[in-house]
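> Quick one, fold the following:
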Amino acid sequence: MARSRPSALPQTLAAALALTLAATACTGSQTAGADDDTVTVGMLHSLSGTMAISEVTVRDSVQLAIDEINTNGGVLGRQIQPVLEDGASDEATFAERAQKLLQSDNAVAVFGGWTSASRKAMLPVFERNNGLLFYPVQYEGLEASDNIVYTGATTNQQIIPALDYLREEGHTSIYLVGSDYVFPRTANQIITAYADHHDMQITAEEYTPLGHTEYSTITNDIARTQPDAVFNTLNGDSNVSFFQQLRSAGVEPDDVPVLSVSVAEEEVEGIGAANIAGHLTAWNYYQTTETDTNTGFVQAFTDTYGADRVTSDPMQSAYNGVYLWKEAVEAADSFEVDHVRAALEGISIDAPEGPITVDGQTQHVVKTARIGQVNDQGLIDEIWASPDPIVPDPYLEGYDWAADLTG
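Purely as a prediction, here's the structure:
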């Protein structure tokens, strides 16, 4: 059931929705997929395709949280038994695999997704089956569902603070480049509305398909037009080609900084520090974030997966999702979705990014916004943070300039 105003679904999701409409729906609350000793959860990530560069590490962080919880006695005396599925960088596959996890595996919760296309495809599956999805990635906002817990940032916790930062730094002409699906297009509608209200100029708006690798036309145009900054909403391994070709075009971050909202430490490693050092990112967490909890988290992750591995905002948000679910289950003394959902309101944990709290009205998380700059070692140094954690406002109800976007 939708928590608030439903957001329109793009036509590209027709195949995914056809799957859900054809499926037989479960009624009532999802019952615990468990015996007396275990409880089943789903892990649904792109382990293949263009998004694997980003989502494999999220899989690893979810598994780390599950292993930690199991080592410490599990949840309500039961060991968590994960069922892993590959979304294969395809929204229809995400919908199909979500249906399988809820109906065949009886998963009491599912952790996963990355692109908004995958989330939009899964949303009706979870609503129809009264399942619970913990979605770990920043997104474009304009959505809230009773069946999704949004542990990444919504627009007023990432995109708007990023625009505020660029404007405060004197960058008023912005070049937009993004992947051609719902998140970049909706994000750029919001960015354009913000720019119109704040006397900023959008100099270009370019989109390429997911997995696209030829960016010389766009990078040469950036070099020729010299905007104050580029706002980048490319996703997946397209970022590797974009930044390599941007550097080949002679665009330096001191002259035209690129601010990315979907490039974290894992993607920086794939891009190569030499190609992206000096450029900017907007997230809520970095591996270098200075909290006591993060020190232990980074150590546990590298101890488990190797000293050469890095942590990032989406995988940290995914890790947090498992612990938020655990806390809600224990508060409810139940694995039933309706009981867990009711218990989520106000649940807080001391996360690697700092203390976070679930906002019960939106099922989003109160978070601190952070701007970072990629360093020569491939990590990201925080250069700005919001003074206080930001309450989520997915429908941008607190911004008059966004009225036409939200209806």
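> Tell me where this structure is predicted with low confidence.
Applying pLDDT under 70 to the chain flags residues 1-35, 406-407.
> Now do the domain split for it, please.
For the chain, the structural domains run 11-153+295-366, 156-285+369-406, going by automatic domain parsing.
> How far does the longest one sit from its chain's centre?
Averaging C-alpha coordinates over domain 11-153+295-366 and over its chain gives two centres that are 12 Å apart (Cα atoms, centre = their mean, to the nearest Å).
> Next: the last one.
Per Cα atoms, centre = their mean, the displacement of domain 156-285+369-406 from the mean C-alpha position of its chain is 15 Å.
> got it, and stretch 390-407?
Taking mean C-alpha positions (Cα atoms, centre = their mean), stretch 390-407 and its chain are 19 Å apart.
> related to what we said a few turns ago, would you list the domains of the chain in CSV and tack on mean neighbour count?
No exception for glycine: its C-beta is placed from N, CA and C like everyone else's. As requested, the domains of the chain are exported to CSV (neighbours: other Cβ atoms under 10 Å):
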stretch, mean neighbour count
domain 11-153+295-366, 21
domain 156-285+369-406, 20
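> Helices of the stretch 101-250 of the chain, residue ranges please.
For the stretch 101-250 of the chain, the helices defined by DSSP state H, counting those that start in this stretch cover 116-129, 159-168, 182-197, 216-225, 238-248.
> all strands in the stretch 301-407 of the chain, in order from the N-terminus.
348-351, 354-359, 364-366, 370-374, 380-385 (DSSP state E, counting those that start in this stretch).
> To residue 318, which of the ones you listed lies closest?
Nearest to residue 318 among these is strand 348-351 (11.3 Å), distances taken as Cβ to Cβ.
> And the closest one, what does it pack against?
In terms of contacts (3 or more Cβ pairs under 8 Å, 6 or more residues apart in numbering; DSSP states H and E), strand 348-351 is packed against helix 313-332, strand 354-359.
> Grab the nearest non-local neighbour of residue 391.
Take residue 391 and drop its neighbours on the chain: the residue closest to it by Cβ to Cβ, 6 or more residues apart in numbering is residue 366, 5.5 Å away.
> thought the one you found was touching residue 390?
Yes - between residue 366 and residue 390 there is a contact under Cβ atoms under 8 Å: 6.9 Å.
> okay, the helices and strands packed on strand 348-351 in JSON lines with distance to residue 38 next?
Formatted as JSON lines, the helices and strands packed on strand 348-351 follow (distance: least, Cβ to Cβ, whole Å):
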{"stretch": "helix 313-332", "distance to residue 38": "14"}
{"stretch": "strand 354-359", "distance to residue 38": "26"}
